[in-house]
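> What shape does this take:
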Amino acid sequence: MRAQSTTPGATTKSPPGHTAAGITDEAGEVVLAGAGAVAIDPIVRAKARQIASRLAIPRPKTDAMARRGSGKLASIPYRGGSDEIDLDRTIEMLAEHPVPEDEDIIVRERIRTRRSVVLLVDVSGSMKGERVQTAAATVGALAGELQNDALAVIAFWSDAAILLQLGQKVKPMDLLDSILQMPARGLTNIAFPLELAARQLARAPVRDARVVLLSDCVHNAGPDPRELAARLPRLDVLIDVSGEKDTELGRQLTTAGHGTAHLVRTHRDVAPVLDQLFRT
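Numbers count the residues shown, from 1 in each chain. This is a model prediction of the structure:
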């Protein structure tokens, strides 16, 4: 059965697809990441790591304002890091500036955009069994591909635990273990992690910032999450439909958050979804 909140002034949850009810005045709290940690089944860990290693995310789009590194070749002003001159572009610059500065020399370098991504992972009481492996594999895959980007990971139920702050060094397998150690517990407050994500992204450039939510979207604690979704630069939702779910709310969240909704049933569905998300 779907849990009912006893918060004063709250309403009970309606059947799946009806999202107006289930909104309460319950406030979430940030809990220490290691609080209530459970032992990890070594078989589950091995499988989750194997799944994560198979998931690949495309490299970001080329951006002339991006930092240099692996990626596609682009023409950018010389800054002491390349000796491959773009002659055509440089001649154009010299025509305008007969006495050139270093920046008037155009060179070819490999550059890539630095992305800011906040991953929100539902670990509430309904996210058990295969769903835990799907969540852990998603975390491992994102962390593995975004080690040189800015990644934050937040696990949530009625409260939330920040497993990785945006900008901290990413250790993919440590993050995967952190998810596996989280006990499935409590109700689902989707609004609170969306609020935390907005704080994480407050200083990130909007063009390179997004939130990815993995949840069954059965919101039954806390305020209306759609209002928080509308404050984000972009929100994409992976709706776990392997059990109880609220796909209507999931889609409404992405409409408010200028993103897309994707249905996932097992970890096998995650790779193509991530591939699609990070190409747009």
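
> how about the spatially most central residue of the chain, what does it touch?
Geometric centre of the chain, nearest residue: residue 119, 2.8 Å, by Cα atoms, centre = their mean. By Cβ atoms under 8 Å, 6 or more residues apart in numbering, the contact set of residue 119 is 138, 139, 142, 151, 152, 153, 154, 211, 212, 214. Quick note: C-beta positions are derived from backbone N, CA and C, even for glycine.

> Looks to me like it is in a strand.
Yes: when DSSP: H, G, I helix; E, B strand; the rest coil is applied, residue 119 is found to be in a strand.

> between the contacts of residue 119, which is nearest residue 131?
Checking the contacts of residue 119 against residue 131 with Cβ to Cβ, the nearest one is residue 214 at 9.0 Å.

> What helix or strand is that closest one located in?
Secondary structure assignment for residue 214, by DSSP states H and E: strand 209-215.

> next one: that strand to chain centre, how far?
Relative to its chain's centre, strand 209-215 lies at 4 Å (Cα atoms, centre = their mean, to the nearest Å).

> Ok, stretch 228-237 next?
11 Å.

> For that stretch, measure first residue to last.
14 Å (Cα to Cα, to the nearest Å).

> what's the answer for stretch 203-221, then?
The straight-line separation of the ends of stretch 203-221 (Cα to Cα) is 28 Å.

> That stretch: which residues count as buried?
Of all the residues in stretch 203-221, those buried under the rule 16 or more other Cβ atoms under 10 Å are 204, 208-221.

> And stretch 173-185, by the same measure?
Using 16+ other Cβ under 10 Å as the test for burial, stretch 173-185 gives 175, 176, 177, 178, 179, 180, 181, 182, 184.

> Check stretch 140-155 too.
140-146, 149-155.

> Put the alpha carbons of that stretch into CSV.
Provided in CSV are the C-alpha atoms of stretch 140-155 (Å, rounded to 0.1, in the frame of the first residue of the first chain):
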residue,chain,number,x,y,z
GLY,A,140,29.0,4.7,-10.9
ALA,A,141,28.6,5.4,-14.6
LEU,A,142,28.1,9.2,-14.2
ALA,A,143,31.0,9.5,-11.7
GLY,A,144,33.3,7.5,-14.1
GLU,A,145,32.6,9.8,-17.0
LEU,A,146,32.4,13.1,-15.1
GLN,A,147,35.6,12.9,-13.1
ASN,A,148,36.9,16.0,-14.9
ASP,A,149,33.6,17.8,-14.6
ALA,A,150,31.7,19.1,-11.6
LEU,A,151,29.4,16.4,-10.2
ALA,A,152,27.3,16.3,-7.0
VAL,A,153,25.4,13.3,-5.8
ILE,A,154,22.5,13.5,-3.3
ALA,A,155,20.7,10.4,-2.0
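
> now it, how far from the centre of its chain.
8 Å.

> next one: stretch 149-166
Remark: stretch 149-166 is offset 9 Å from the chain centroid, using Cα atoms, centre = their mean.

> Mind listing the strands the strand holding residue 214 pairs with, and their directions?
strand 116-122 (parallel), strand 235-240 (parallel) (DSSP bridges).

> Among those, which comes closest to residue 192?
Comparing the strands paired with strand 209-215 by Cβ to Cβ, strand 116-122 comes nearest, at 9.7 Å.

> which parts of that closest one are buried?
116, 117, 118, 119, 120, 121, 122.

> give me the beta-bridge partners of the residue nearest to the centre of the chain?
Beta-bridge partners, per DSSP bridges, of residue 119: residue 153, residue 212.
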